[in-house]
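Asker: I'll drop the sequence and a predicted model, then ask my questions.
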Amino acid sequence: MRLCHIVPLVVAIAVSMAQTSDGQIFRRRPRAHAHYAQHVVTRPAKTYKNHALLRLIKDQQRLHVGDSWGQYDYQCFDFVDHQRFLQSVPADMTRHLRKDEQFLDLVVQIKKMQAPEREALLRQALRTFRPTWAENGRISRDGQTVAGQHAERLVAQMIVDLVKSLLTNPNR
């Protein structure tokens with residue numbers, strides 16, 4: 001696609017969007033009459049930076065996956081560690097969390113939330129993992145190996161699935 005095709009599209013999007021003085025973004029609708037401006041205000045999705053569920057996921061990821069800071073097998077979470085992880089961690093972690101009083105209290109708190117907020121929190125919880133070293137462009141503790149990221153995603157997925165199952169059927 002050439003630049004001459006992209007520029008009108010960008011201009012059309014910019015003209016149809018506006019921002020209020022308090023930072024809210026709204027989309028302009030076509031006017032019914034010249035006197036009446038109809039606007040639809042869209043609020044940004046709420047983020048939960050320090051929610052207990054996100055802290056729990058990060059703690060479990062740190063416990064079962066750990067940090068990766070180098071390319072040698074004792075410095076990173078490799079595919080051998082990943083195979084060991086798959087054999088033991090999912091069942092043990094689920095069994096442990098089902099009996100943990102703090103986790104069960106957390107599920108009760110999540111159940112008290114409004115449905116849209118609860119869904120936003122669970123969606124954000126699923127995105128709680130570190131980027132790979134390739135995505136970061138360097139090997140450091142800020143990132144993770146591909147196997148480590150996959151294991152971190154599994155930890156987040158298992159915890160969110162357990163929360164959802166306890167929300168729908170608390171007797172399980």
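Answerer: Yes, it's here.
Asker: which ones are touching the residue nearest the centre of the chain?
Answerer: For the chain, residue 127 is the residue whose C-alpha lies nearest the centre (CA atoms, centre = their mean; 2.3 Å). Residues near residue 127 by CB atoms under 8 Å, 6 or more residues apart in numbering: residue 156. The way it works is simple: take the backbone N, C-alpha and C, and place the C-beta from them, glycine included.
Asker: okay, it: pLDDT?
Answerer: pLDDT, residue 127: 95.
Asker: cool, residue 170 as well?
Answerer: 72.
Asker: next, the buried residues of the helix or strand containing residue 87.
Answerer: If you go by DSSP states H and E, residue 87 is part of helix 79-99. Buried residues in helix 79-99, defined by neighbour count with 16 or more other CB atoms under 10 Å: 81-82, 85, 89, 93, 97.
Asker: end to end on stretch 103-123, go ahead and measure it.
Answerer: The first residue of stretch 103-123 is 18 Å away from its last residue (CA to CA, to the nearest Å).
Asker: got it, and stretch 61-70?
Answerer: Distance between the two ends of stretch 61-70: 18 Å, counting by CA to CA.
Asker: that one: how far from the chain's middle?
Answerer: From the chain centre to the centre of stretch 61-70 is a distance of 18 Å (CA atoms, centre = their mean, to the nearest Å).
Asker: could I get the CA-only coordinates of the helix holding residue 87 as CSV?
Answerer: In CSV, the C-alpha atoms belonging to helix 79-99 read as follows (Å, rounded to 0.1, in the frame of the first residue of the first chain):
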residue,chain,number,x,y,z
PHE,A,79,12.6,-26.9,27.2
VAL,A,80,13.8,-29.6,29.6
ASP,A,81,12.6,-27.5,32.5
HIS,A,82,9.4,-27.0,30.6
GLN,A,83,8.8,-30.7,30.3
ARG,A,84,9.4,-31.1,34.0
PHE,A,85,7.0,-28.2,34.6
LEU,A,86,4.2,-29.9,32.6
GLN,A,87,4.5,-33.2,34.4
SER,A,88,4.2,-31.9,38.0
VAL,A,89,3.2,-28.2,38.4
PRO,A,90,-0.3,-27.9,37.0
ALA,A,91,-1.9,-30.5,39.2
ASP,A,92,0.1,-29.5,42.3
MET,A,93,-0.6,-25.8,41.9
THR,A,94,-4.3,-26.4,41.4
ARG,A,95,-4.6,-28.7,44.3
HIS,A,96,-2.7,-26.3,46.6
LEU,A,97,-4.7,-23.2,45.5
ARG,A,98,-8.1,-25.0,46.1
LYS,A,99,-7.1,-25.4,49.7
